[in-house]
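> no sequence for this one, just the structure:
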């Protein structure tokens, strides 16, 4: 009888100990979240230093280092068109110490062009979008069109006889932004592929091709060039950096095709951490001094926090997927 009672007591004691241990673990975890961050944070950037994506990531890393009291270290992990860094964050411990500086490319485009090892929705916790980089529809000055409607009329009068410069191949932003525009306007044009935006812009200026899309910063540098004309920006509204240049959406409501950057954490990262980071990013996007730094690189702020960023990603993925398909860059099934 004593043996049975002793065994029952032991089980109760053991169960109680387990409950206490679990409670202590939960308390420790909650305390760790509350006191986060307690050590430096890694921000993985999927591309090489010096580009606009990297520059935006470094701007935000510097800002967060100041407000969080811990250094946010930018780590450029290049490879696989952005896949290497993105997958590394998807597989990282969701504790707020490994983050991704994401872009349109790795989240909304790459999964349509190749078999990525990560799921762009399920494997990440959106923190906030940060910047939008529109592109500009440029034409050679010999093109008779002065507006988007005039351009559309001009092209429709000669289907498949007008060429455009596709800078960077089927999966590049400029090529896909043009693909989205052609689909929306019902145009048929011939793609002349280039190894990047610069050679396409050179040929546009020389009159070898009549039109192309180029990033806003590069288009702005040609604002006084008599050989080119800016017809429209690809963002849903006029850019604050080119206020006199219309948006394509003024002719085609709802059109919005921009390259964006933003921050993601591994799925399962505590909401308290995600929300704090999101709040700090929104504050940065409303700080006039910080906005001045962004303006130097021709980007517009779009920081709106976790929920709106998640909705934005969900909306962007099918749009860019359709663009990839139309541009002929879809991965084999």
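Yep, that arrived. Remember, predicted model here, so these are calculated numbers, not experimental data.
> Any stretches of the stretch 1-150 of the chain with poor pLDDT?
When residues are selected by pLDDT under 70, those of the stretch 1-150 of the chain lie in 1-33.
> what residues are up against residue 229?
Taking CB atoms under 8 Å, 6 or more residues apart in numbering as the contact definition, residue 229 lies against 138, 139, 140, 141, 143, 146. In short, each C-beta sits where N, CA and C put it, glycine included.
> For those, pick the one with the most neighbours.
Neighbours here mean other CB atoms under 10 Å. Within the contacts of residue 229, the largest count is held by residue 138, at 27 neighbours.
> now stretch 68-81: how far from the chain's centre is it?
Taking the mean of its C-alpha atoms, stretch 68-81 sits 16 Å from the chain's own mean (CA atoms, centre = their mean, to the nearest Å).
> Mind listing residues that contact the helix or strand where residue 326 lies?
Secondary-structure element containing residue 326, defined by DSSP states H and E: helix 306-327. Helix 306-327 is contacted from outside by 104, 107-109, 111-113, 120-121, 125-129, 166, 170-171, 175-177, 179-180, 182-183, 191, 257, 260, 262, 274-275, 278, 304, 330, using CB under 8 Å, 6+ apart.
> Buried residues in that helix, which are they?
Along helix 306-327, these residues count as buried under the neighbour rule (16 or more other CB atoms under 10 Å): 306, 308-310, 312-313, 316-317, 320-324, 326-327.
> Now flag whichever of those residues is closest to residue 86.
When the buried residues of helix 306-327 are compared for distance to residue 86, the smallest value, 13.0 Å, is given by residue 313; criterion: CB to CB.
> I'd assumed residue 187 was in contact with residue 156.
Yes - applying CB atoms under 8 Å, one finds residue 156 in contact with residue 187, separated by 6.6 Å.
> So which of the two has more stuff around it?
Looking at residue 156 and residue 187 with other CB under 10 Å, you find the greater number of neighbours at residue 187, namely 18 against 13.
> Kindly indicate whether the more buried one is helix, strand or coil.
Reducing the assignment to helix, strand or coil with DSSP: H, G, I helix; E, B strand; the rest coil, the entry for residue 187 is coil.
> how much space between it and residue 179?
The spacing between residue 187 and residue 179, counted by CB to CB, to the nearest Å, is 10 Å.
> If we go by neighbour counts, what in whichever helix or strand residue 83 is part of is buried?
Mapping residue 83 onto the secondary structure by DSSP H and E places it in helix 83-90. Neighbour counts using 16+ other CB under 10 Å place 83, 85, 86, 87, 88, 89, 90 of helix 83-90 among the buried residues.
> Format those as JSON lines; extra columns: distance to residue 43.
Compiled in JSON lines, the buried residues of helix 83-90 are given as follows (distance: CB to CB, whole Å):
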{"residue": "83", "distance to residue 43": "17"}
{"residue": "85", "distance to residue 43": "10"}
{"residue": "86", "distance to residue 43": "13"}
{"residue": "87", "distance to residue 43": "16"}
{"residue": "88", "distance to residue 43": "12"}
{"residue": "89", "distance to residue 43": "9"}
{"residue": "90", "distance to residue 43": "15"}
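> closest to residue 57 among these?
residue 85 (10.8 Å).
> if I pick the closest one, what's in contact with it?
Residues touching residue 85, when contacts are defined by CB under 8 Å, 6+ apart, comprise 44, 45, 46, 75, 77, 78, 79, 100, 106.
> mean confidence score for stretch 210-221?
Stretch 210-221 carries an average pLDDT of 91.
> List the residues that contact residue 65.
By CB under 8 Å, 6+ apart, the residues touching residue 65 are 71, 72.
> 10 Å instead, please
When contacts are counted by CB atoms under 10 Å, 6 or more residues apart in numbering, residue 65 is found next to 40, 41, 43, 71, 72, 73.
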